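>>> A predicted structure for the sequence below; I have some questions about it.
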Amino acid sequence: MLQDAAFASAIKANNQELKTLIVNGGLPLGGTCVNVGCVPSKVLIRAGESIHKASHSPFRGIMPNKPQVNFKEIILETKELVADMQKRKYLDLLEGLPFVKVIDGFAKFIGDHTIEVEGEQYEGLKVIIAAGASTSIPPIEGLDTVPYLTNISLFELEELPASLVILGAGYIALEIAQAYNRLGSQVTILQRSAAILSKQSKDVSHELTKHLCDDGLTIQTETTVNKVWKDGETIKINYCHKGTVVTITASHLLVATGTKPNTDRLKQDKAGVKVDDKEAEQKDIPFQATTLPLTEVPRSIAALDTRGFIKLIRNTETDLLIGARIVAPEGSELAMEISLAIKYKIPVHELVSMFHPYLTLSEGIKLAALSFTMDVHKMSCCSS
């Protein structure tokens, strides 16, 4: 399966006039992101957001009305956008890459620099593995007998699920859950661990749980799914929740229980490649964390939407940022400033001295940085 990293590498190799072979199997060119990941999911998230904004208003003087939704038309529009991006960003680009050749199939190593595809052998000076990942399917009794969905098959549905049970509560599961809930599905999340986004800190998972439940999602943590089965046109899910056995019914079941690398048929050991569990070592770094609620950000106050927070973590010896956690509407727009600050080693005190326009969400970064040394609750609106 070809991922963005592989195509970017091919473009760079072509620019150096190196003959390059791309082996693509499974999904069409573009891999997960364009076909069944970032692009279609973000389209549906934005569609759901449009419905939510039209249906809700924090302002007393605005009387919102829920709009009519043609789900099939939304899906068709999503498919058109995916096809257009695949054509413009992959297929059309290939025409200008004379040193790049693409073949369909799955590769396997038969030597250090030799692969085999559909019985044909190819040898190269360098081999880049960019096979991506796919859904890890849990060993649940009866799961192989029901028409469960994954992030690949979900976006093929042209009829909105009346009710959707999602196994898992990672970021993929949550963004799908929120989008389909806002589009009109009744969504239930079953999570094995004690919190959603279990690899994140408790403050992040707690804050997200609160807002997702306020939106109408049902979230059950500390669950163990025992079995699933088909019952007429519906699916039954039997699970244990804190010692109580529960059976629920849904029109659709989505499995989003994590991913596994698509390397099972590569036979990478033939090339001396060893795969491990690619976990970061915990380092003994002196740190300080500060959390700024959006109730202190003027832009959020003016929008009457103060859900969430900005959390910064700095090295107390160097005054450099080592991480951040942002839970906020449009919070992703703040990630770039954090990324630049970390990459270019901008000290926190310099972040504070930078100009951040008043009544922008980015001002929250400056206020959060200030809160390492000041009580921002006692500051006037414009004094930062």
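Yep, that arrived. Residues are numbered from 1 along each chain as shown.
>>> Tell me how the chain divides into domains.
4-132+262-271, 143-247, 287-378 (automatic domain parsing).
>>> which one of those lies closest to Ala256?
The closest of the domains of the chain to Ala256 is domain 143-247. By C-beta to C-beta, the value is 3.7 Å. Heads up, the C-betas are built off the backbone N, CA and C, glycines and all.
>>> quick one: the helices in the stretch 251-384 of the chain?
Applying DSSP state H, counting those that start in this stretch to the stretch 251-384 of the chain gives helices spanning 298-302, 335-343, 348-353, 363-370.
>>> and among those helices, the most buried is which?
Highest mean neighbour count of those: helix 363-370, a mean of 23 (counted as mean count of other C-beta atoms under 10 Å).
>>> Would you mind pulling up the elements that that one packs against?
strand 287-293, helix 298-302, strand 309-315, helix 348-353 (3 or more C-beta pairs under 8 Å, 6 or more residues apart in numbering; DSSP states H and E).
>>> Rebuild the helices of the stretch 251-384 of the chain as JSON lines, extending it with mean pLDDT and distance to Leu174.
Formatted as JSON lines, these follow (pLDDT from 0 to 100; distance: least, C-beta to C-beta, whole Å):
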{"stretch": "helix 298-302", "mean pLDDT": "93", "distance to Leu174": "21"}
{"stretch": "helix 335-343", "mean pLDDT": "95", "distance to Leu174": "17"}
{"stretch": "helix 348-353", "mean pLDDT": "94", "distance to Leu174": "29"}
{"stretch": "helix 363-370", "mean pLDDT": "94", "distance to Leu174": "22"}
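>>> Can you check which of those helices gets nearest to Val117?
helix 335-343 (37.3 Å).
>>> can you confirm Ile75 is in a helix?
Yes - per DSSP: H, G, I helix; E, B strand; the rest coil, Ile75 lies within a helix segment.
>>> for it, what are its contacts?
Phe155, Leu157, Glu158 (C-beta atoms under 8 Å, 6 or more residues apart in numbering).
>>> Filter these down to the buried ones.
Buried by 16 or more other C-beta atoms under 10 Å: Phe155, out of those.
>>> Can you tell me which of the contacts of Ile75 comes closest to Val376?
Once C-beta to C-beta is applied, the member of the contacts of Ile75 that ends up nearest Val376 is Phe155, at 42.6 Å.
>>> Which residue, other than its chain neighbours, is closest to the closest one?
Nearest non-adjacent residue to Phe155, counting by C-beta to C-beta, 6 or more residues apart in numbering: Pro40, 4.7 Å away.
>>> how about the CA coordinates for stretch 113-131, as PDB?
Written as PDB, here are the backbone C-alpha positions of stretch 113-131 (Å, rounded to 0.1, in the frame of the first residue of the first chain):
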ATOM      1  CA  HIS A 113      17.900  -5.400  -2.100                       C
ATOM      2  CA  THR A 114      15.600  -7.700  -4.100                       C
ATOM      3  CA  ILE A 115      11.800  -7.900  -4.000                       C
ATOM      4  CA  GLU A 116       9.300 -10.100  -5.800                       C
ATOM      5  CA  VAL A 117       5.900  -8.900  -7.100                       C
ATOM      6  CA  GLU A 118       3.400 -11.200  -8.800                       C
ATOM      7  CA  GLY A 119       6.300 -13.600  -9.600                       C
ATOM      8  CA  GLU A 120       8.500 -10.900 -11.100                       C
ATOM      9  CA  GLN A 121      11.800  -9.900  -9.300                       C
ATOM     10  CA  TYR A 122      13.100  -6.400  -9.000                       C
ATOM     11  CA  GLU A 123      16.400  -5.200  -7.500                       C
ATOM     12  CA  GLY A 124      17.400  -1.700  -6.300                       C
ATOM     13  CA  LEU A 125      20.100   0.100  -4.500                       C
ATOM     14  CA  LYS A 126      17.700   1.200  -1.800                       C
ATOM     15  CA  VAL A 127      14.300   0.000  -0.700                       C
ATOM     16  CA  ILE A 128      11.900   2.200   1.300                       C
ATOM     17  CA  ILE A 129       9.100   0.500   3.300                       C
ATOM     18  CA  ALA A 130       6.100   2.700   3.500                       C
ATOM     19  CA  ALA A 131       3.300   0.100   3.700                       C
END
